[in-house]
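# sequence? don't have it. structure:
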């Protein structure tokens, strides 16, 4: 927030009212800027009273700030070196926090799921992980020492792998090994092919393509590895249904070949939103903050299903549907 004013409320005992203090703000928790200094300020003159002060920002320290604190600098109304208030509010302009971008180039995937690179040179390679260990380069030449567990080389956003479902029976899933533990994140998938129900494997009621988020404890080798099938997994299917713990609920527009499905996860607020072709579909899930880490994932149930992993973007689109 870029502050313009702030208010304090005095407690029931007026002798505890502050008289000497300063308001400080920070964006990183290390450097604190003094926004306003109070010396023998009698704004809070009565019990339970409130008072609002303007904040005039230094041109070199305009914010925005994510942390605010009060620091006592002298005695209160009762002459004691104590700082006590019963209310503290900040007013100003709210700015969305920056979103950190991760690069996904190692995937935990079903053993016979194909992760391919399209129209790329031989100098880069995606690596698939089985059981958490990188085992083989899928195409091209391996760069660096990914097999030795060293940090993978970053890849531009237009250099992403395509997940293709084979003709063998069963649901296939790809889960990014890199995950999130906090903050806001937006990542996307490009839908290249959605098979017909006649090409689905096993239960025809199962979704054909599900894009979403899974927890760190989710295993691609579980009996039912579909995104959204278990606790700690959340997804959006090609029918526009949101899925969690196997329950499918009508939620958004259906998606098809050529569409882009976006996922916005705010782990600080515990919310999950989906987008289709940059249009927000509304809040899908609340309270997704019970896991240690979260990973982008896609599951496929049908021969020829094909999805391109677009990776993480800097921020979600701003478009909203007409009935938002």
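That came through fine. Remember, predicted model here, so these are calculated numbers, not experimental data. Numbering: from 1, shown residues only.
# For the rest of this, base every contact and every neighbour count on C-alpha atoms.
Fine.
# Can you tell me how far the residue nearest to residue 7 when sequence neighbours are not counted is from residue 252?
Counting by Cα to Cα, 6 or more residues apart in numbering, residue 52 is the residue found nearest to residue 7 once chain neighbours are left out, at 4.2 Å. Separation of residue 52 from residue 252 (Cα to Cα, to the nearest Å): 44 Å.
# same check, this time on residue 286
16 Å.
# Which of these two has more residues huddled nearby?
Neighbours per residue (other Cα atoms under 10 Å) separate residue 286 from residue 252, with residue 252 holding more: 20 against 12.
# what pLDDT does the closest residue to residue 233 other than its chain neighbours get?
Sequence neighbours aside, residue 214 is the residue nearest to residue 233 in space, at 4.3 Å (criterion: Cα to Cα, 6+ apart). On pLDDT, residue 214 comes in at 92.
# A strand includes residue 214, no?
Yes - assessed with DSSP: H, G, I helix; E, B strand; the rest coil, residue 214 lies in a strand.
# so it sits right up against residue 226, yeah?
No - taking contacts as Cα atoms under 8 Å, residue 214 lies outside contact range of residue 226: 9.8 Å.
# Settle it for me: which of the two has more neighbours?
Each of residue 214 and residue 226 has its neighbours counted (other Cα under 10 Å); residue 226 has more, 31 against 28.
# Now that one: closest residue in space that isn't a chain neighbour?
residue 299 (5.4 Å).
# What residues are bridge-paired with the one you found?
residue 173, residue 210 (DSSP bridges).
# In contact with it, which residues are there?
171, 172, 173, 174, 208, 209, 210, 211, 225, 226, 227 (Cα atoms under 8 Å, 6 or more residues apart in numbering).
# Between which two of these is the distance greatest?
174 and 208 (14.1 Å; Cα to Cα).
# Quick one: the strands in the stretch 201-324 of the chain, in order.
For the stretch 201-324 of the chain, the strands defined by DSSP state E, counting those that start in this stretch occupy 209-215, 233-237, 241-244, 247-250, 260-266, 271-276, 279-285, 294-300, 306-313.
# Model confidence for residue 194, exactly?
88.
# can you tell me how far the closest residue to it other than its chain neighbours sits from residue 274?
Nearest residue to residue 194, sequence neighbours excluded (Cα to Cα, 6+ apart): residue 305, at 5.1 Å. For residue 305, the distance to residue 274 (Cα to Cα) stands at 20 Å.
# Looking at the two, which is more packed in?
residue 274 (29 against 25).
# residues in contact with that one?
By Cα under 8 Å, 6+ apart, residue 274 lies in contact with 236, 261, 262, 263, 264, 280, 281, 282, 283, 284.
# swap in residue 78?
By Cα under 8 Å, 6+ apart, the contact list for residue 78 reads 15, 16, 17.
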